[in-house]
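Trainee: Need coordinates for the below:
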Amino acid sequence: MRDIRCGRCSKLLCKGSVWELEIKCPRCHTLNHVRAASPSAEGHGASAKEAPCVTNSNTA
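Mentor: You can find the predicted model right below:
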């Protein structure tokens, strides 16, 4: 768990783990964008549903 603080005034906005978060600081009204530094272990690879569509580039 980590502290998420405002980039402008350093007010504590929340605690926890986030993948992506957009939050407005109640103190200085700055819109903060927070993203994970690296994808989690579960995010590696694609399942069959997420795999890209393969098309045949052969034209006759």
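Trainee: Give me the below-cutoff pLDDT ranges for this protein.
Mentor: 38-60 (pLDDT under 70).
Trainee: Do a quick rundown of the strands in it.
Mentor: 2-5, 12-16, 20-24, 31-35 (DSSP state E).
Trainee: which other residues reach stretch 20-29?
Mentor: 4, 6, 8-9, 11, 13-14, 30-36 (Cβ atoms under 8 Å, 6 or more residues apart in numbering). C-betas here are computed from N, CA, C, even on glycine.
Trainee: farthest pair in these?
Mentor: 9 and 36 (22.8 Å; Cβ to Cβ).
Trainee: okay but residue 1 is in contact with residue 18, surely?
Mentor: No - contact criterion Cβ atoms under 8 Å: residue 1 and residue 18 do not qualify, at 10.4 Å.
Trainee: Quickly list what's touching both of those two.
Mentor: Contact criterion Cβ under 8 Å, 6+ apart; residues shared by residue 1 and residue 18: none found.
Trainee: out of the two, which sits in the more crowded spot?
Mentor: Neighbour count, other Cβ atoms under 10 Å: between residue 1 and residue 18, residue 18 has more, with 12 against 5.
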